[in-house]
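Asks: Sequence isn't available, so here's the structure alone:
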């Protein structure tokens, strides 16, 4: 039992009035909140957005800024790629699975071209060039990148085309996206209340959500929402107790967040009987160097490979962290290491350089012969440009020859390994919502007056994740939630 | 959105009266319900037990009947084993982990000797002999069995002693346990109402649970509980929608249940704002032959070993089903197969018998050389009675020699493979409760008048499971919930 502050709903009858009133009250000014606020305001609603931090942005603003979009966007066409919604759906159903939400995913893929244009209309620009190497985030300003579409088995399930859309910036693009979306929401008429943390939903006698109680500098502030409340409060990676209860795989690891993803919206709504979905699903990433891995091997502590190294980096991270006991090792040879373009090296130096695999096994604490068996098998097939184990792209296949080296993929970016486990992630599960963002109760019926989007809700993801799908579905379904909230009435 | 029948709470004010009244209303007459009913009645409460089936027993009655007990029980002592609660705790913390509930586990281990005596006082007898071979369920009437305590790494974390306590019977023992517990509850004064399915909790204006609405042959029946309602409705493996939302790994697999574990208690309570824990945790079992696996190898579809084959069979099943892509194969040689005692064979015959590993690889669709590399490494170390990969007990280590054979561990018991996937399981997550069974809300505070135990609640389990811990914690915490429910008041 804990002394957690109460998130239980407050009865409208217990309040003497409201300090503020609006049509649509959006709780959380990250990407989903900004998208919801924009659309609600554009539909004519009087919109207030609460943000507990000193300014908008949330975890979205800390992100790399990739947007997973496709189906034939102008950017894809300009780069010479032919895509369509069905092809995009086929990839994401597999990559976000198993058990991706096919109903939401269908809408997301069908609406992706329009959604890209919506971002452009909000002032984001995308350079018409492809970054054609495996990477977490290209060290260039290229506007398009691969996110696993060209790796086995996905390249057998859908025609491989790149769908990582990156706004033109020299660095992490999340701040730029948020700058534009917040400006757009405000220009459309939405007002932000900062340093204001929603703590409880307010319900009337019929069980309809009609507002929230918030706190600002410790004092309560009440908000009445004439149409609806939209929860866009983010996930729960910053709430250790919720992680322990629902997604313990992330306990002790780093957090991909701005530090405020404490699941408050999920808790306020479930306190009212809202249903949740997929609370154990997570994004998880090793701080590993994709350019090194594709040219070598990713093995577990017993020297066994477990995935083709050319997949989307989040996928080899997930396979390692969720399904393999640590440690994990990136194994490479000198020729492979020297083949890595300087711009893709991020300052990483290999360690444990040895002339023989036996020495490397000993240095890494592996059973004698373990790594040698793996490399022998790999080399034998690589001679013939084949990888019958995991089907890595033949362009990366080449027998490994001494000297060999290893790097810990949990400390892949120079100097970062001292910052904890070298693993960081965030949560994908949340409130169970309709495609329009209506929050469902345990009986599968909408809770009147309550909407959710972004990581406060369960979106298109099953147990998998690809970069740009969280900003992507947060904004896409945030827009839908905002539009529907604006027209919600009893 | 679904047309699920409503599980939303009913306001007491909307009812004109109650059809039945008692002090403690127990919902579900499986092992946790019987234990709760017994203790509440023994404490002097007027107890009613609702059961939706035509008679008591539930999924508990279908189980093998192992009880995970220890800490120095009379049976352990009679068989010559020296155990203590700390030693038991050290094993279970690891085997039920990561993230076992240490507070509940501490109580469970400290109270285990008394709990064993409680079963004996209810009329269960246990033969004072050990079944000393790896098995899901011994083909004998031995009263004690190993459940993974003597396998690496557990044998390095705690002094290995067997703790599987089996009541004397020729077959599955669950029915026997339930027969005795139901008789005990009734003898103590509890009354059962069968064919009666609880559908909604009844709450008063203060949010206290004061009864349930049930249905019998389609008609509503109302129950008033003066002290408390105890939910012992079981898990949710029979509810496909809940599996999809919370434990998708079990979708499509067999169900270890009596067919009625639809999560109704979890849903009724969460509709009222109750918190849940570990909804993704599952027990999962391959229909594999442990006696074959220990004498050979368990490999994945790429011929890689991934665990020592002498662990508790549920652990190699979990490692395979949750963490390895299928298929999985049991690899054995003729000498090993012929070494299996007839009573441990369960009619299984090996398939794919070949003279060479290359032929076996081809028959199983493995990359050329994959299995040979594994067997070569295994044999090299087995010559010296070593397994530096996974540390299988040296008594099982012996180089494998032709002829070789393989068996699909998803169809290990003769004739069963046609019954679906060869994988079956049940759910371990549920309502968040105190050690006394009080159901907590999202703010960490008890919901007045509401208790839960058994698989409707989250018990001692983290992400792991061992046979007998579900009957074990269901009865142990069922007893505690019954005692506390009997004294609950506003």
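Replies: Received the coordinates, thanks. Keep in mind that what you see is a predicted model, and the values were worked out from it rather than measured.

Asks: what does the stretch 101-250 of chain A have sitting close to chain B?
Replies: Proximity of the stretch 101-250 of chain A to chain B is confined to A:244, A:245, A:246, A:248 under the rule C-beta under 8 Å from any C-beta of the partner chain. For every residue, glycine as well, the C-beta is placed using N, CA and C.

Asks: Can you redo those as CSV, where the extra columns are pLDDT, distance to residue A:25 and secondary structure?
Replies: What follows is those, written out as CSV (pLDDT from 0 to 100; distance: C-beta to C-beta, whole Å; DSSP: H, G, I helix; E, B strand; the rest coil):
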residue, pLDDT, distance to residue A:25, secondary structure
A:244, 96, 31, helix
A:245, 97, 28, helix
A:246, 98, 26, helix
A:248, 96, 33, helix
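
Asks: Of these - the most surrounded one?
Replies: Using other C-beta atoms under 10 Å in any protein chain shown as the neighbour test, these are led by residue A:246, with 29 neighbours.

Asks: Can you name the residues that contact that residue?
Replies: Neighbouring residues of residue A:246 by C-beta atoms under 8 Å, 6 or more residues apart in numbering or on different chains: A:236, A:279, A:280, A:427, A:429, B:276, B:277, B:278, B:279, B:280.

Asks: buried sites along the helix or strand residue A:184 falls within?
Replies: Here residue A:184, judged by DSSP states H and E, is contained in helix A:174-187. By 16 or more other C-beta atoms under 10 Å in any protein chain shown, the buried positions in helix A:174-187 come out as A:174, A:175, A:176, A:177, A:178, A:179, A:180, A:181, A:182, A:184, A:185, A:186.

Asks: Do the lengthiest helix in chain A and chain B come into contact?
Replies: The longest helix of chain A (DSSP state H) is helix A:469-486. No: counting by C-beta under 8 Å from any C-beta, chain B has no neighbours in helix A:469-486; the shortest distance is 13.7 Å.

Asks: got the angle for that helix vs helix A:174-187?
Replies: Interaxial angle of helix A:469-486 relative to helix A:174-187 (axes from the mean of the first three to the mean of the last three C-alpha atoms, to 10 degrees): 10 degrees.

Asks: if we can go back for a sec, would TSV of the contacts of residue A:246 with secondary structure and distance to residue B:392 be doable?
Replies: Listed next are the contacts of residue A:246 as TSV, based on DSSP: H, G, I helix; E, B strand; the rest coil; distance: C-beta to C-beta, whole Å:
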residue	secondary structure	distance to residue B:392
A:236	coil	40
A:279	coil	36
A:280	coil	31
A:427	strand	37
A:429	coil	37
B:276	strand	37
B:277	strand	34
B:278	coil	30
B:279	coil	34
B:280	coil	29
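
Asks: Out of those, flag the one nearest to residue B:209.
Replies: For the contacts of residue A:246, the closest approach to residue B:209 (C-beta to C-beta) belongs to residue B:276, at 16.8 Å.

Asks: is it true that that closest one touches residue A:245?
Replies: Yes: contact criterion C-beta atoms under 8 Å: residue B:276 and residue A:245 qualify, at 7.3 Å.

Asks: how far is the helix or strand harbouring residue A:377 from where the chain is centred?
Replies: Element membership for residue A:377 (DSSP H and E) is helix A:370-382. Distance of helix A:370-382 from its chain centroid, counting by C-alpha atoms, centre = their mean, to the nearest Å, is 35 Å.

Asks: May I have the residues that are in contact with the residue in the stretch 201-350 of chain A that chain B sits nearest to?
Replies: Residue nearest to chain B within the stretch 201-350 of chain A (C-beta to the nearest C-beta): residue A:280, separated by 3.6 Å. With contact taken as C-beta under 8 Å, 6+ apart, residue A:280 is in contact with A:246, A:247, A:249, A:429, B:246, B:279, B:280.
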